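A.B. asks: here is my input; please provide its structure:
(chains A and B)
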Amino acid sequence: MDLTNTRKTARASHRWLWSRGVYLVPVSAGLAILVWHLVSRYGGFPAFILPSPTLVWERFTNALLEGRLAYHIAVTLSEVLAGLAFGVTAASTLGYLLAKSETFERFLAPYIVASQSIPIVAIAPLLVIWFGPGLLSKVLICALIVFFPVLINTIVGLRSVPDELRDLMRSLQATGWQTFKYLEVPSAMPVFLGGLRIGATLAVIGAVVGEFVGADRGLGFLINIGRGQYDTALVFVAIFTLVAMALALYGLVVLVEMRLLSWQQRPDNSR
Amino acid sequence: MNLSNSSLVLETAPEPHGNGPDLVVNNLSLTFPDRDQGLHVLKDISFLVDPEDFVCILGPSGSGKSTLLRVLAGLLTPTTGEVIYQGRGLAGPRREIGFVFQKANLMPWRTVRENITLPLELQHISKSVADQQAQELVNLVGLEGFEDSLPRDLSGGMEQRVAIARALVYDPRILLLDEPFGALDALTRERMGSELLRIWQARRKTVLMVTHAIPEAVFLADRVLVLSPRPGKIRLDMPVDLPRPREEGMRYSVEFGEIAKRLRYAIG
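C.D. replies: Coordinates of the predicted model:
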């Protein structure tokens, strides 16, 4: 019985993937590359303006073989991950406190909103001046850009915990910690993960912004080098690597969502 | 139900009680701070509930029935007066008092079994014992085969069964039910009433149940309290002298109709 069940769900997820057009992704990517190829071939642009896909691919394998690309990826990825970890921890902790106390929220809200009205690009130089061109300033920039969406979603998630379930926990004499663990965390999780999904992609942007402002390594730095040397193919390589990194992080959060929030997904029986 | 299980339940039960009332409500009033006058919801309510009695609280909407029940559960503090539970004043929620909400109020991320074991988990009772007690209650409320289902896959009646099982799992002395079948269709509602009686007979609890359905109150209760419109006062405190066990057929008997009629007049 279990076996037929899993087979049925496997088939259902198959159909789900198809209905969402997931199989169209490689097709559309192939088409885009084809158009790019045609434009670069017949458009008459020099390679430093628009390198052909083959040139970019060569540059990519080159950089990979030199070991240079892997190094820069590692640098940027560690900035992103450390920034995410730091930003998410700070934002969810503060979010919890703000969700619990409206006085506290009213007290801090102006600063939080004001901090969000300043573009991160404008603060980044300041952070580099204060914390040096090394890892720390990048981590802080990432953390800062991740902070807001995670904070807001933590607050919204916690505020949306149903009052009736809070009453239930009270009638069962749950301690504050138990209410947190058994009710607030699982209940706020969907909205929180939504914020994390946005944060994960923003963190990549944060790292690049930081590296633009002042760094001697990382994918952002690689873009700067490529620009300086009119090595446009290298710029393309760095951009695509960044996109892949952002997609991978996003996908990771989606995987966590599918695992933690399986209770939310309805099997698609409606069709 | 096997013997070893029920002895286990007995061990976790509170100290044996005397012949005194389980619950004493003394001059209870409740005013919500609202505008300058305040909103008087309950006024001078006093009554006793004997152990293992089934009491229904009946009244028009807005008479503060649910509020009264929440005070008895310790979820709300009365403005004046007191609730005495087994000789001691009630200061807040207690484990000996189980509460079943209007909505089933299940945690959507927990399976049926996990929802039922929640109260035991909060008391740090081992998983194997908790699962065993949950299974016993799953059988009692007739949900065999749905132990691993999620609430989203249950019907309204099934959800309320889970909620009742969850309130019974830690073996409270008193069970408070706040219009538990209000959201169900009429037929399911009647069936759930009979089910509730069967469960009550198996697990002998003191039950206080809020409802606005007169036949439901007559069919279930030993005694019916009728609340007046706001501010809620007790307008009538009437025993229901129908023999037990109650049968479905009694719903159509003359005595049943007489009692229902008197209650209807009392509500006004």
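
A.B. asks: what ranges of the stretch 151-271 of chain A fall below the confidence cut-off?
C.D. replies: Counting by pLDDT under 70, the low-confidence segments of the stretch 151-271 of chain A come to A:265-271.

A.B. asks: would you mind naming what in it lies close to chain B?
C.D. replies: Counting by C-beta under 8 Å from any C-beta of the partner chain, the stretch 151-271 of chain A comes close to chain B at A:162, A:164-165, A:167-168, A:170-174, A:178, A:182-183, A:186-187, A:261, A:263-264, A:266. Using the backbone N, CA and C atoms, a C-beta is placed for each residue, glycine as well.

A.B. asks: which ChimeraX command selects the buried ones in these?
C.D. replies: Here is the ChimeraX command that selects the buried residues among these (16 or more other C-beta atoms under 10 Å in any protein chain shown):
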select /A:165,167,168,170,171,172,173,174,178,182,183,186,187
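
A.B. asks: residue numbers of the stretch 1-150 of chain A in contact with chain B?
C.D. replies: Residues of the stretch 1-150 of chain A found near chain B, taking C-beta under 8 Å from any C-beta as the criterion, are absent altogether.

A.B. asks: first vs last residue of stretch B:85-94, how far apart are they?
C.D. replies: End-to-end distance of stretch B:85-94 (C-alpha to C-alpha, to the nearest Å): 10 Å.

A.B. asks: contact partners of that stretch?
C.D. replies: Residues lying outside stretch B:85-94 but in contact with it, judged by C-beta atoms under 8 Å, 6 or more residues apart in numbering or on different chains, are A:170-173, B:14, B:17, B:20, B:22-23, B:72-75, B:82-84, B:96-97, B:173-174.

A.B. asks: what parts of chain B come near chain A?
C.D. replies: By the criterion of C-beta under 8 Å from any C-beta, the positions of chain B lying close to chain A are B:73-75, B:92-95, B:97-99, B:101, B:103, B:105, B:107-110, B:118-119, B:121-122, B:150, B:152, B:170.

A.B. asks: picking up where we left off before, mark which of the contacts of stretch B:85-94 are buried, thanks.
C.D. replies: A:170-173, B:22-23, B:72-75, B:83-84, B:97, B:173-174.

A.B. asks: which of those residues has the weakest pLDDT?
C.D. replies: The lowest pLDDT within these belongs to B:Asp22, which sits at 86.

A.B. asks: residue contacts, that residue?
C.D. replies: By C-beta under 8 Å, 6+ apart, the residues touching B:Asp22 are B:Val49, B:Asp50, B:Pro51, B:Asp53, B:Tyr85, B:Gln86, B:Arg173, B:Ile174, B:Thr206.

A.B. asks: what helix or strand is B:Trp183 on?
C.D. replies: Just so we're on the same page, residue B:183 is Ala rather than Trp. Using DSSP states H and E, B:Ala183 maps to neither a helix nor a strand.

A.B. asks: chain neighbours aside, what residue packs nearest to it?
C.D. replies: B:Gly156 (5.7 Å; C-beta to C-beta, 6 or more residues apart in numbering or on different chains).

A.B. asks: end-to-end on stretch B:49-63?
C.D. replies: Taking C-alpha to C-alpha, the first and last residues of stretch B:49-63 lie 20 Å apart.

A.B. asks: list the buried residues of it.
C.D. replies: Of the residues in stretch B:49-63, B:Val49, B:Pro51, B:Asp53, B:Phe54, B:Val55, B:Cys56, B:Ile57, B:Leu58, B:Gly59, B:Ser63 count as buried by neighbour count, 16+ other C-beta under 10 Å.

A.B. asks: per-residue pLDDT of the first one, please?
C.D. replies: Okay, so that is B:Val49. pLDDT, the model's per-residue confidence, is 92 for B:Val49.

A.B. asks: I'd say B:Val25 and B:Pro78 touch.
C.D. replies: No - under the contact definition of C-beta atoms under 8 Å, B:Val25 does not touch B:Pro78, with a separation of 9.1 Å.

A.B. asks: show me what contacts A:Val208?
C.D. replies: Contacts for A:Val208 (C-beta under 8 Å, 6+ apart) come out as A:Thr76, A:Gly218, A:Leu219, A:Gly220, A:Ile223, A:Leu242.

A.B. asks: now do the buried residues in the host helix or strand of A:Met245.
C.D. replies: Using DSSP H and E, A:Met245 sits in helix A:232-260. For helix A:232-260, a neighbour-count test (16+ other C-beta under 10 Å) marks A:232-239, A:241-242, A:245-246, A:249-250, A:253, A:257 as buried.

A.B. asks: repeat that for stretch B:234-252.
C.D. replies: Neighbour counts using 16+ other C-beta under 10 Å place B:Ile234, B:Arg235, B:Met238, B:Val240, B:Leu242, B:Arg246, B:Arg251 of stretch B:234-252 among the buried residues.

A.B. asks: ok, those residues vs chain A, which is closest?
C.D. replies: Checking those against chain A with C-beta to the nearest C-beta, the nearest one is B:Ile234 at 24.1 Å.

A.B. asks: need the residues that contact the longest helix anywhere in chain B.
C.D. replies: Of all the elements of type helix in chain B, the one with the most residues (DSSP state H) is helix B:186-203. With C-beta under 8 Å, 6+ apart as the contact definition, helix B:186-203 has outside contacts at B:1, B:54, B:140-142, B:155-157, B:160-161, B:164, B:168, B:171, B:177, B:180-181, B:184, B:207, B:213, B:216, B:219-220, B:244-246, B:248, B:251.

A.B. asks: inside strands: which ones of the buried residues of stretch B:234-252?
C.D. replies: Secondary-structure check on the buried residues of stretch B:234-252 using DSSP state E: residues within strands are B:Ile234, B:Arg235, B:Met238.

A.B. asks: residues in contact with the residue nearest to the last one when sequence neighbours are not counted?
C.D. replies: Looking back up the chat, that one is B:Met238. Beyond its immediate neighbours in the sequence, the residue positioned closest to B:Met238 (C-beta to C-beta, 6+ apart) is B:Val224, lying 5.3 Å away. With contact taken as C-beta under 8 Å, 6+ apart, B:Val224 is in contact with B:Val55, B:Cys56, B:Ile57, B:Leu58, B:Ala217, B:Val218, B:Leu236, B:Asp237, B:Met238, B:Val240, B:Leu263.
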